[in-house]
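Undergrad: 3D, please:
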Amino acid sequence: MEEKKSWTCLSSFVIKLIAFLTMTIDHVGWMLEVNVGGNYIIAVIFRYIGRLALPLFCFMIAEGMIHTKKAGNYLLRLGIMATLISAGFIFIHYSPYFPGFNIRNQGNIFIDLLLGALAILALKQKQWYLKILAIIPFGITVASFIVTCLEFGEGMIIHWFPFFLRPQYHFYSVGMIVLFYVAHYLKNIFLGNYSKKTGIPVESLTDTQIERKALNLIFFGMLVFATLVFFVVGLSIPYDYLYWGPGMQNMAILSGAFILLYNGKRGYNAKWFQYGSYFYYPIHLIIIFAIGLLI
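TA: Okay, here's the model as predicted:
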């Protein structure tokens, strides 16, 4: 099929860079909130910009699990990072060197990513009884969400679900990762219907701009759906139990602009960048945290 020039121009490498940038801006904003004040305008702006990061990371996890030939290695790296971050949380929480610093409601983002990847691994299995195991990671996030809300609203500590084992965005992040995976099934349905309507064989539509743009649009729809569900859940919870800003999180939808531009290609993928991508998270947090202590 002869195709016109496409507007899909961003590789996964570029999307990762955007995710790292917006995440860093978010964490700088958080540091300013803690040290300067929550109403500091630059801090507020930075936190809004930071809402774009999570969907991009969730998107990359879904794409990574779909295309990887070594799911075990992928999960192992996520598991190692989740363990290291949890160990850091334990040290900060119980160390006498950080008095008054509350890290209980922060959550470990690598647990989100790991649970989302595990859910996709289950869904990729051929046997139906293995597919339904995807409920387990999602159930863990729902339990974590309920426990965190109760602790925040009631001022209690729930010991049976330790804070250092909780995901950061709970069912929102894991649900979004799964929805990005499901988008590929919906894309296949669309291509089947398009083939019947136009008479073009489905095989001829593979790796075309029709497929790419249709998939990107479905990705965007999944992002909007997941974010609006999270927003509605936030509205239904008493204010005293809210530990995040439901309205602010709606800014995440804007990250869909980058997903719409995704070209489906990996882009630059040197080994140093692959492994550096994992360690950037703790390293940049340590630097920002150290700067915060000096302010």
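
Undergrad: so for the helix or strand hosting residue 58, what's the average pLDDT?
TA: Using DSSP states H and E, the element containing residue 58 is helix 53-67. Mean pLDDT, helix 53-67: 96.

Undergrad: then it to PDB, C-alphas only?
TA: What follows is helix 53-67, C-alpha atoms only, in PDB (Å, rounded to 0.1, in the frame of the first residue of the first chain):
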ATOM      1  CA  ALA A  53       5.200  11.000  33.300                       C
ATOM      2  CA  LEU A  54       3.200   8.100  34.600                       C
ATOM      3  CA  PRO A  55       1.200   7.200  31.500                       C
ATOM      4  CA  LEU A  56       4.400   7.300  29.400                       C
ATOM      5  CA  PHE A  57       6.100   4.800  31.800                       C
ATOM      6  CA  CYS A  58       3.000   2.600  31.800                       C
ATOM      7  CA  PHE A  59       2.900   2.700  28.000                       C
ATOM      8  CA  MET A  60       6.600   1.700  27.800                       C
ATOM      9  CA  ILE A  61       6.100  -1.200  30.200                       C
ATOM     10  CA  ALA A  62       3.100  -2.500  28.100                       C
ATOM     11  CA  GLU A  63       5.100  -2.100  24.900                       C
ATOM     12  CA  GLY A  64       8.100  -3.700  26.400                       C
ATOM     13  CA  MET A  65       6.200  -6.800  27.600                       C
ATOM     14  CA  ILE A  66       4.500  -7.100  24.300                       C
ATOM     15  CA  HIS A  67       7.700  -7.100  22.200                       C
END
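
Undergrad: what's next to that helix, contact-wise?
TA: 12, 15-16, 18-20, 22-23, 26, 71, 74, 109, 112-113, 116-117, 120-121, 124, 169, 172-173, 176-178, 180-181, 184, 219, 223, 227, 252, 255-256, 258-259, 262 (CB atoms under 8 Å, 6 or more residues apart in numbering). All C-beta atoms are positioned from the backbone trio N, CA, C, and that covers glycine.

Undergrad: Using PyMOL, define a selection of the buried residues within the residues you listed.
TA: Filtering those down to the buried ones (16 or more other CB atoms under 10 Å) takes a single PyMOL command:
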select buried, resi 12+15+16+19+20+22+23+26+71+74+109+112+113+116+117+120+121+169+172+173+176+177+178+180+181+219+223+227+252+255+256+258+259+262
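
Undergrad: If you count neighbours, what's buried in the helix holding residue 58?
TA: The neighbour-count check on helix 53-67 (16+ other CB under 10 Å) flags 53-65 as buried.

Undergrad: Please state the offset of it from the chain centre?
TA: Computed by CA atoms, centre = their mean, to the nearest Å, the chain-centroid distance of helix 53-67 equals 7 Å.

Undergrad: The helix or strand that it is followed by relative to helix 53-67, how many degrees between them?
TA: As assigned by DSSP H and E, the chain's next helix or strand after helix 53-67 is helix 71-94. Put simply, helix 71-94 runs at 150 degrees to helix 53-67, going by axes from the mean of the first three to the mean of the last three CA atoms, to 10 degrees.

Undergrad: Fine by me, thanks again.
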